[in-house]
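**Student:** With the sequence up front, the predicted model follows.
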Amino acid sequence: MAFTWETPKGVWQEDENGSFGLSRSKDFGEIAWSPEATGRAADIAQLIGASVPTQCSCAPIFPDDFAHCPECGKPLRNAASNAKPAPEWWGPCGDHSLSELAPKGLPITAVNLDSIVRGRTAGQSTGRPDTTMLSPPLAPCVFASSRFGLLADRLIALSFEQNALQYWDPHEKQWLRIAADGDAAGLSFTRSAYYWIRPAVPETGEIALVPTDSGLYRLFLNPVTASYLTRPVWEKPLVSAPAQVQQHTACLYKDSDGVRLWTAKARAPQPQVYPCAGGQLPDNGWSRPITLNGQVIWLHQRGHLVWKPGAEPQWLPWRADWEPRFSFGGATQSRDGRLWLMGQNEQGFTYVQLGVPDGPSTVTDGARLGFGSFVFRLGHQVLEDPWDAGTVEDENDAHALVVPVLLSQSGDRRKRTGLVLRYDHFVGTAAAMLDGREERDAKLQWIGDQIITLDRARISTPLELSAFVHEDHLWLHHPDWREMRGWRLNGGGK
């Protein structure tokens, strides 16, 4: 005979064999889950705070208010994690702790990563990861690490080219492909660079505000049924990823009149729509949006679009003789806070100021790689304005090429720490290296008060390397790697 148990977390069904399944959840409604059908009892027990056995094997999971096994009487424990939540991660779009003076939308984080150097030896030629994790089967990905309103930290990988939401089960050590629930929207977005928005006040299971080829949606995860659902925010074909600035969400979309800008303010009754350059803007190829000083900038090969809440969007084409070099890292920041982009004309490599019509330009003595205030000339770090000469601490750095990956923000401009790829004895051009035409051995290094070599790798497409934080580890992912590499943030090594 089956029994029904009602608990604070939901309704459970006990079958004639003494096995328990969750038929209704307080957070997710009707779900009809059983460990025999889907497995993952340990994972789900931790997420919803169910009870699990400690001394018996009568059942893998029990209702959340059970203290003893009803079959043998042995004690149970609640599986909910007592650990303090780890730092959350949504990538460059989701770090709410960044200073107002730092541009958002670049690989810059306020998460304290300096502790990665503890226990590691400066100057050693080879380091190694503290741990590894299987790479998501489908890439490229964006990663989010959070509790998502549940009771334990979890990792999500969204492959926006493959329409695949992937979930890491830390107990089974495997990735799960999360299926669409009913008429949930597809998650592909391939027209422009990807960027999702962290929810300000998330509901249970809410992951992010996501762009798709069919519109802008709120994305929700049901980890019990391994499914996702979407709620529409703006159902028009998007041509750019969304941005948030001054409590406004904005994105570019296309209709019969061409490309327009849609925006909505939090708790405002109606969105607004603005025409953009008579609708004649490109309908693909936009960068991730960059926000700074209350304005949004979308970069494109033909120019850039600037918008402030309450104002008309402004399209600023590049000068006819100047070509942007997006692969060099994106927007950089001068000491006075202005944003600049490196490109090339007949004079050579040149920085052009962003956000102003016919902005001033500055010629440099060669290519510089980086973003924000994390800029390198060959192997030398540039500590002042991005066009200044690099700081020479080691003459051998003149024969190296450094590709910045992630900047850990510090209040001191002259003390910038972050993750880089270093190619020693470099011969060739930066453009060929970044375009993936040459495969070379590189060092994965942490640059701060000390330079720590974390690992070595042979990488042909350095721009596809991405970093994220999950469960107090800094992780690196590359689509060519079978395993991701992780380093403890409280130090590692020997």
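**Tutor:** Done, it's in. Given the structure is predicted, the values throughout are model-derived calculations rather than measurements.
**Student:** what's near enough to touch Trp175?
**Tutor:** For Trp175, the contact set (C-beta atoms under 8 Å, 6 or more residues apart in numbering) comprises 134, 136-137, 157, 166-169. Heads up, the C-betas are built off the backbone N, CA and C, glycines and all.
**Student:** phi, psi of it?
**Tutor:** Main-chain torsions, Trp175, degrees, to the nearest 10: phi -90, psi 140.
**Student:** With adjacent residues omitted, what lies nearest to it?
**Tutor:** Gln166 (4.9 Å; C-beta to C-beta, 6 or more residues apart in numbering).
**Student:** ok, residues contacting the helix or strand the one you found falls within?
**Tutor:** In the assignment (DSSP states H and E), Gln166 maps to strand 164-169. Strand 164-169 is contacted from outside by 40, 43, 133, 136-138, 141, 154-159, 174-178, 187, 219, 221, 223, 226, 228, using C-beta under 8 Å, 6+ apart.
**Student:** again, only this time at 10 Å
**Tutor:** By C-beta atoms under 10 Å, 6 or more residues apart in numbering, the list of residues contacting strand 164-169 from outside reads 39-40, 42-44, 133-134, 136-139, 141, 143, 145, 154-159, 174-180, 184, 187-188, 207, 210, 219, 221, 223, 226-228, 470.
**Student:** Which among these count as buried?
**Tutor:** 40, 42-44, 133, 136, 138-139, 141, 143, 145, 154-159, 175-176, 178, 184, 187-188, 207, 210, 219, 221, 223, 226-228, 470 (16 or more other C-beta atoms under 10 Å).
**Student:** Out of the residues you listed, list just those in helices.
**Tutor:** 42-44 (DSSP state H).
**Student:** mind listing what Pro462 touches?
**Tutor:** With C-beta under 10 Å, 6+ apart, Pro462 has these contacts: 327, 369, 401, 403, 405, 421, 423, 433-436, 440, 442, 478.
**Student:** Show me the domain layout of the protein.
**Tutor:** Listed by automatic domain parsing, the domain ranges of the chain are 3-78, 108-488.
**Student:** Quick check: end-to-end length of the longest one?
**Tutor:** In other words, domain 108-488. Start-to-end span of domain 108-488 (C-alpha to C-alpha, to the nearest Å) is 19 Å.
**Student:** Might you list the low-confidence residue ranges for the stretch 1-150 of the chain?
**Tutor:** Across the stretch 1-150 of the chain, the ranges flagged by pLDDT under 70 are 1, 36-38, 93-94, 122-126.
**Student:** at 90 instead, please
**Tutor:** Low-confidence segments of the stretch 1-150 of the chain (pLDDT under 90): 1-3, 8-10, 14-40, 57, 80-87, 91-102, 110-127.
**Student:** Now do the helices for it: every range, in order, please.
**Tutor:** Counting by DSSP state H, counting those that start in this stretch, the stretch 1-150 of the chain has helices at residues 35-38, 41-48.
**Student:** burial count for the closest residue to Gly279 other than its chain neighbours?
**Tutor:** Leaving aside its sequence neighbours, Gly279 sits nearest to Gly258 (C-beta to C-beta, 6+ apart; 2.2 Å). Neighbour count for Gly258, taken as other C-beta atoms under 10 Å: 15.
**Student:** beta partners of Gly258?
**Tutor:** Asp255 (DSSP bridges).
**Student:** any idea how far it is from Ala277?
**Tutor:** 8 Å (C-beta to C-beta, to the nearest Å).
**Student:** that older thread, would JSON lines of the ones in helices among the buried ones among the contacts of strand 164-169 with distance to Glu483 be doable?
**Tutor:** JSON lines is the format used below for these (distance: C-beta to C-beta, whole Å):
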{"residue": "Ala42", "distance to Glu483": "22"}
{"residue": "Asp43", "distance to Glu483": "20"}
{"residue": "Ile44", "distance to Glu483": "26"}
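**Student:** any idea which of those is closest to Ile459?
**Tutor:** Using C-beta to C-beta, Asp43 is the member of those that lies nearest Ile459, at 32.7 Å.
**Student:** what's near enough to touch that closest one?
**Tutor:** Neighbours of Asp43 in contact, by C-beta under 10 Å, 6+ apart: 79, 152, 154, 167-172, 176, 223-224, 226.
**Student:** okay, those residues in JSON lines with distance to Ala200 next?
**Tutor:** Shown next, in JSON lines, are those (distance: C-beta to C-beta, whole Å):
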{"residue": "Ala79", "distance to Ala200": "29"}
{"residue": "Ala152", "distance to Ala200": "22"}
{"residue": "Arg154", "distance to Ala200": "20"}
{"residue": "Tyr167", "distance to Ala200": "23"}
{"residue": "Trp168", "distance to Ala200": "25"}
{"residue": "Asp169", "distance to Ala200": "28"}
{"residue": "Pro170", "distance to Ala200": "27"}
{"residue": "His171", "distance to Ala200": "31"}
{"residue": "Glu172", "distance to Ala200": "32"}
{"residue": "Leu176", "distance to Ala200": "27"}
{"residue": "Pro223", "distance to Ala200": "22"}
{"residue": "Val224", "distance to Ala200": "25"}
{"residue": "Ala226", "distance to Ala200": "26"}
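**Student:** any idea how far the residue lying closest to Gly337 once chain neighbours are set aside lies from Ala110?
**Tutor:** Excluding the flanking residues, the one nearest Gly337 by C-beta to C-beta, 6+ apart is Leu101, at 6.1 Å. Leu101 sits 12 Å away from Ala110 when distances are taken as C-beta to C-beta.
**Student:** okay, and the common contacts of these two?
**Tutor:** Common neighbours of Leu101 and Ala110 (C-beta under 10 Å, 6+ apart) are Gln409.
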